[in-house]
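Student: Sequence below, structure please.
(2 chains)
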2 protein chains.
Amino acid sequence: MDFLNTYLLYLIPVLGLIGILFMIIKSSWVSSQPAGDESMTTLAGYIADGAMAFLRAEWKILSYFVIIAGILLAWSGTTVATSSPVIAISFFIGAFLSAFAGYLGMRIATKSNVRTTQAAKTSLAQALKVSFTGGTVMGLGVAGLAIIGLGSLFIVFYSIYVKNVAGADVNGEAMAKALDVLAGFSLGAESIALFARVGGGIYTKAADVGADLVGKVEAGIPEDDVRNPATIADNVGDNVGDVAGMGADLFGSYVATMLATMVLGREIVSHDNMGGIAPVLLPMVIAGLGLIFSIVGASLVRIKDENSSVQAALNVGNWASIVLTAIATYFVVQWMLPADTMHLTRDLDANGVLKEGSLVFTKNGVFGSILVGLVVGTLMSIITEYYTAMGKRPVLSIIRQSSTGHATNIIGGLAIGMESTVLPILVLAAGIYGSYFFAGLYGVAIAAAGMMATTAMQLAIDAFGPIADNAGGIAEMSQLPPEVRHRTDNLDAVGNTTAATGKGFAIASAALTSLALFAAFVGVAGIEHIDIYKANVLAGLFVGGMIPFIFSALCISAVGRAAMAMVEEVRRQFREIPGIMEYKAKPEYEKCVAISTQASIREMVAPGLIALITPVVIGFVFGPEVLGGLLAGVTVSGVLMGIFQSNAGGAWDNAKKSFEKGVEINGEMHFKKSDPHKASVTGDTVGDPFKDTSGPSMNILIKLMSIVSLVIAPHLNHAVNNSARLQKQIKLQSMTTHVIKVEKKA
Amino acid sequence: MDFLNTYLLYLIPVLGLIGILFMIIKSSWVSSQPAGDESMTTLAGYIADGAMAFLRAEWKILSYFVIIAGILLAWSGTTVATSSPVIAISFFIGAFLSAFAGYLGMRIATKSNVRTTQAAKTSLAQALKVSFTGGTVMGLGVAGLAIIGLGSLFIVFYSIYVKNVAGADVNGEAMAKALDVLAGFSLGAESIALFARVGGGIYTKAADVGADLVGKVEAGIPEDDVRNPATIADNVGDNVGDVAGMGADLFGSYVATMLATMVLGREIVSHDNMGGIAPVLLPMVIAGLGLIFSIVGASLVRIKDENSSVQAALNVGNWASIVLTAIATYFVVQWMLPADTMHLTRDLDANGVLKEGSLVFTKNGVFGSILVGLVVGTLMSIITEYYTAMGKRPVLSIIRQSSTGHATNIIGGLAIGMESTVLPILVLAAGIYGSYFFAGLYGVAIAAAGMMATTAMQLAIDAFGPIADNAGGIAEMSQLPPEVRHRTDNLDAVGNTTAATGKGFAIASAALTSLALFAAFVGVAGIEHIDIYKANVLAGLFVGGMIPFIFSALCISAVGRAAMAMVEEVRRQFREIPGIMEYKAKPEYEKCVAISTQASIREMVAPGLIALITPVVIGFVFGPEVLGGLLAGVTVSGVLMGIFQSNAGGAWDNAKKSFEKGVEINGEMHFKKSDPHKASVTGDTVGDPFKDTSGPSMNILIKLMSIVSLVIAPHLNHAVNNSARLQKQIKLQSMTTHVIKVEKKA
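Tutor: Numbers count the residues shown, from 1 in each chain, chains lettered A, B, ... in the order given. Take a look at the predicted model:
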């Protein structure tokens, strides 16, 4: 045990390496699967090329951004004692690993899709195996890279600034500096994540809406028809939006959660066997355990035959990884944390006596908070599923309101989306309350860490959906026999449900992560309160609340503009290239891919800059407390808008899908092409940018703004201290009538 | 001057009486105008009867509520020293006057409408005179009753609790008690306002959407056609929603603003010539002046001939009243407030020395805050007009997006609505910052009071729109010659613009009023901070932010359900009553009126109870600070959702209206009945409940929840004090190691 106590720090990246090892094994297995006939591989090649073209274009723009931001960070690191120019190096590594994780996911997804199609020729079990293994590669890659990156950098910075410095205090400024420099890693990761999520979201929906409006509605050809010039762009979109975007989002959350918990853990006075840094290490250890048990859980996902339930197989794997992680976490917490109670450094007075009303907590309290996080994540997923699933009240109410036309369908969906915020917010509020009750703000952060522990498994389940969707697209475009499409449709339907629950999980994790970052920010910025009774803080709260609205507006209208450009290009090709409709001429797929790529790259800049620059401006002009008000406003409004938009979009989508099997309204059956179905298509089209562009972007918006604030916090603290020193001088001079003395009692 | 100093208090209700006197004169003038032929008076009679039927049904339900709430208030008033059972009497009077103001407005509106139609047979000038005089009656009635009610009750309570009590302090508990009892008046007014606004909003849109969906879309008959069974309900709706609902809303804001400023004024130590109560009297005096200058402004609204601009005439009257009030306010502030600076009681230490960092302000500062309020109100109106006016970028972008179908029209409108929150929030944040800078939180409140001063004029302009709208409906139903309809359409078009700017004004005033109430609440509840760094306060912020979403969802879906019931009734009548279409049989108008009435009364209960009960539960279970977090969340989210929904609805409406004269999209002209026009009708129908039900309800939601909190604040304060006393005891017992001494300096 002594050995472990000393070397636990170095074991963390090893857990990440184990994840990467399994990723490589699973990845080679996928690559070794048959990829089908020439027509299939050609189409898959177009998709892979389109996806890479997007990534290259994105990287080009982002490299400018990363270099400029890195230089600014390096410069700012020289200005205060608790930071260092080294923060720029963390930032570069974070940005690079985030981009690399996205690349890995995209590569495997564009390999798995066609191999899933080929596997679907033989059996459902084999098709699930290929597509889910593809998803697992993505999940293990993201989680493994995050743990290796964060764990190794922490070892380096801890050694430089704390371990090898005489008299350095693990609860003091030395550790604060190590963690501040580490925050650059999270900033890099989340910045790339924002652009990947927003850019990918705009790409996928511009292509999807554009392809549908001309292909399905005007030309009357089915979805994924090889004659539709936008069909390749549509399939590329599934990869850049749902795979790379989602992967970058969760990579960012995963890293940010660990970091925020570590920053809060620094303040905890813990008499543990690791020299007092157990609360700092704990989130990374939990993440490492979660990664290992995700590998175990993933190995349990399999079905016997055509009639087995794919959803049940995924549930077994998911629950196995969560329960095993929870059990292991219990023992790790018991072992790592001290036998006596813990408290915060700031709760000590000048004589080292614990102040009255101080928060003290125990290791069981910490484990309690972790359990709260797991419960919150699970409940959020269940609620999200209820609001977006077929056959449940919300979707049925939208179907019923489709019978009186487009407008009532829209009104119904908007009302459901707004209503769907109630339970998640109550769960979240109870979660904040509960985890705080058990272990203070560290409890809120560690709850998020617990929830994010099995990110690898969550991502595997999430990424399997778009792979199956793509596999179906390739089957349709290659005109394969109906049983193949039937099998991929089966997987795709499950993928739709997991996509919805995954969104519930993502928003819950983003909310808790933001709150943890918010708490970390307040500590680092050296402010005592964020008092909304002050007019300027209240003004900050208002401005913060508005940002998710303008961010959503920019995302939604970007999709609208890009989709209209796509519509015009597809119309032009149908008009100017004769023979497309008779399969005699090949459409110019690459032109549609180029439109989506350029539009998404161009349109992601404005929302991205809002998220990055606002906290800097507000923080430096109005001070840290107003910035705290702004962050609270962004977080509350962002979570609400995220849930509202994602759930409205999901419910509209499934209301439309319900017409495929026929729905009964007032005793009459309605099918596809009926008037109510047309109304439901309108709702689905409105919901597309809601659920896949603006809604999920809210997650990254709130996290990124919190991380930026955390990174600039030492500078704001510096400014505050200077002004406080000044005020103190004034105070001493004006204290002419009374003196305050503190004396030892007799 | 000495006389005035002493008797100013008694002059305030006299100003209100002058308003009522002018109202009676103008009302008799309207009644004396010719009401047209028998067909017109019959139709007008149906409308008036329908409106009264709604009011009676509403009053019946509300009388139960008022009695129960009054008893609870009376009981609660016995439990703490700073309240009294008398608060129930204030509450009854407030509720009664609010309902009575709505009744007066509705009576005059249902008289003015047919007389405007008759006047439109002769000239536009005469039609404007009749309809605007009708609006003025409403405005003067609302403002006059509010000032008489609040002013007289203040005289009574001030005499009982302060003036005639030996040693009572105008800055102390005695005055706090007087104002707490007075708060019951505001609570009564705002409660009735909520139900009137929500019920009226549901009524008008259920009738409107229902009438349109079957009449215009299915049967192909024009709007306001006498053959449509829902047409009377539709015209009744204009009165109960746009007249009575708007009137109750502004009555509530007007009273709440004055009250909040008075509560904050109590804390101001002011060495004025009125015994220190000048800051308390000031808001009522400003309101009284605004009322008088509204009478002056209204008398300037007139046009010469058919080609004169109605908008310009309204602007002259509006600006005259605002500028005259601002000038008069300057002199009143100079006269009433003391020559030396003012500060807050709580900024004094135990020795009566002003603490460091205390806020002191001057009378010029107070006037500065009033100017800030006027500027904020004006800017909000201008921005709202920009986002909803024909021919400006926002509406044009929706028109362009109508060319690709229903879905893109909806996406465009939603994006515009979200975008339209940016400038108003920045203006509001700057307004909070600016008015606080000039005179602290009293400045924020007095800014709202300045903005609301000319409420009578604002309401006159607002109420004239629906009167003109009704006049047009009667002209259409009575098949009068086209020039009559042409004149009423001219007035109606101006009414649409004033409705939009009125909404901007209403939301701005609600926001500032809520903040003033919020500040008043914090003072009365005896808390020092509302610290969102505390987990429980943050949880409160989240739950508060969610309430406007569920409130909107309830309002929107209520309209959806009621409209569907209306659709079915109209379809039934067309089917079962032969000869309606050939004008041979009269439709059963009263059945449609009954459906709207019952639906709106039934559906207003749930949202109303949420607004009333939530603050009570949160306050008593979690304490005043969490309730403060909840209020901040409700206010921020409510203002955002209010602006978003109102502006999206207004922009959709005018995008649709633009097709009447034809619009150019990509070089092609489109008119009514074209495909883009059909898409724009979908947007307008979605926007209807947004802009007339849920959007404007946000105003009352945020105000009512703040008032409820203010009324329960003394009870929460009581609970806090008890718990603080307990903690103090514990503190003293545990203070074993150190003592703190404060000594006089040598």
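Student: drop to CA atoms for contacts and neighbour counts, all remaining ones
Tutor: Will do.
Student: where in chain A is pLDDT low?
Tutor: By pLDDT under 70, the weakly predicted segments of chain A are A:1-2, A:718-746.
Student: can you pull out the strands in it?
Tutor: Along chain A, the stretches classed as strands by DSSP state E are A:268-269, A:342-344, A:360-361, A:663-665, A:668-670, A:738-744.
Student: Describe which strands the second one pairs with in its sheet and in which direction.
Tutor: Which is strand A:342-344. The strands that strand A:342-344 pairs with in its sheet are strand A:268-269 (antiparallel), strand A:360-361 (antiparallel) (by DSSP bridges).
Student: nearest to A:A520, of those strands?
Tutor: Ranking the strands paired with strand A:342-344 by distance to A:A520, with CA to CA as the measure, places strand A:268-269 first at 12.3 Å.
Student: centre of the chain versus that closest one, how much separation?
Tutor: Relative to its parent chain, strand A:268-269 has a centroid offset of 30 Å by CA atoms, centre = their mean, to the nearest Å.
Student: What lies in contact with that strand?
Tutor: A:171, A:276, A:279, A:342-345 (CA atoms under 8 Å, 6 or more residues apart in numbering or on different chains).
Student: go with 6 Å
Tutor: Strand A:268-269 is touched from outside by A:342-344, with contacts defined as CA atoms under 6 Å, 6 or more residues apart in numbering or on different chains.
Student: sorry, back to before: most packed of the strands paired with strand A:342-344?
Tutor: A comparison of the strands paired with strand A:342-344 by mean neighbour count, using mean count of other CA atoms under 10 Å in any protein chain shown, puts strand A:268-269 on top with a mean of 22.
Student: ok, the longest helix seen in chain A near chain B or not?
Tutor: Of all the segments of type helix in chain A, defined by DSSP state H, the longest one is helix A:482-525. No - remark: helix A:482-525 sits outside contact range of chain B, by CA under 6 Å from any CA of the partner chain, the gap being at least 7.0 Å.
Student: which strands and helices sit next to that helix?
Tutor: Helices and strands touching helix A:482-525, by 3 or more CA pairs under 6 Å, 6 or more residues apart in numbering or on different chains; DSSP states H and E, are helix A:246-266, helix A:363-388, helix A:422-452, helix A:455-477, helix A:695-734.
Student: would CSV of those helices with mean neighbour count and distance to chain B be doable?
Tutor: Written out in CSV, the entries for the helices and strands packed on helix A:482-525 read as follows (neighbours: other CA atoms under 10 Å in any protein chain shown; distance: least, CA to the nearest CA, whole Å):
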stretch, mean neighbour count, distance to chain B
helix A:246-266, 30, 13
helix A:363-388, 23, 13
helix A:422-452, 26, 5
helix A:455-477, 29, 24
helix A:695-734, 22, 8
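Student: In JSON lines, list these along with distance to A:G667.
Tutor: Below are these laid out as JSON lines (distance: least, CA to CA, whole Å):
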{"stretch": "helix A:246-266", "distance to A:G667": "41"}
{"stretch": "helix A:363-388", "distance to A:G667": "23"}
{"stretch": "helix A:422-452", "distance to A:G667": "32"}
{"stretch": "helix A:455-477", "distance to A:G667": "33"}
{"stretch": "helix A:695-734", "distance to A:G667": "35"}
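Student: The ones you listed: which one's closest to A:T41?
Tutor: Comparison of these against A:T41 by CA to CA identifies helix A:455-477 as nearest, at 9.1 Å.
Student: Compute the inter-axis angle for that closest one and helix A:422-452.
Tutor: 110 degrees (axes from the mean of the first three to the mean of the last three CA atoms, to 10 degrees).
Student: For helix A:455-477, name the packing helices and strands.
Tutor: Using 3+ CA pairs under 6 Å, 6+ apart as the contact criterion, the neighbours of helix A:455-477 among helices and strands are helix A:87-120, helix A:124-158, helix A:482-525.
Student: Tell me which of those helices approaches A:K304 most closely.
Tutor: Using CA to CA, the helices and strands packed on helix A:455-477 put helix A:124-158 closest to A:K304, at 6.4 Å.
Student: Spatially, and excluding backbone neighbours, which residue is closest to A:W75.
Tutor: Nearest in space to A:W75, with sequence neighbours left out and distances taken as CA to CA, 6 or more residues apart in numbering or on different chains, is A:P85 at 6.3 Å.
Student: Enumerate every residue touching that neighbour.
Tutor: Neighbouring residues of A:P85 by CA under 6 Å, 6+ apart: A:74, A:77-78.
Student: Now, of those, which are buried?
Tutor: Under a neighbour-count criterion of 16 or more other CA atoms under 10 Å in any protein chain shown, the subset of these counted as buried comprises A:74, A:77.
Student: From the contacts of A:P85, which land in helices?
Tutor: Using DSSP H, the contacts of A:P85 in helices are A:74, A:77.
Student: closest to chain B among the contacts of A:P85?
Tutor: Proximity of the contacts of A:P85 to chain B was ranked by CA to the nearest CA; the top entry is A:G77 with 26.8 Å.
Student: quick one: the closest one and A:A88 touch, right?
Tutor: No - because the distance of 8.1 Å does not satisfy CA atoms under 6 Å, A:G77 is recorded as not touching A:A88.
Student: Name the residue of the stretch 1-150 of chain A that lies nearest to chain B.
Tutor: Across the stretch 1-150 of chain A, no residue is closer to chain B than A:T82, which sits at 22.9 Å (CA to the nearest CA).
Student: of all of the stretch 101-250 of chain A, which residue lies closest to chain B?
Tutor: Scanning the stretch 101-250 of chain A for the residue nearest chain B gives A:L213, at 8.2 Å (criterion: CA to the nearest CA).
Student: count of residues packed around the nearest residue to that residue once chain neighbours are set aside?
Tutor: Spatially, and ignoring its direct neighbours in sequence, A:L213 is nearest to A:V567 (7.0 Å; CA to CA, 6+ apart). Neighbours of A:V567 under the rule other CA atoms under 10 Å in any protein chain shown: 23.
Student: Confirm for me that A:V567 is in contact with A:G210.
Tutor: Yes - between A:V567 and A:G210 a contact is recorded at 5.0 Å, counting by CA under 6 Å.
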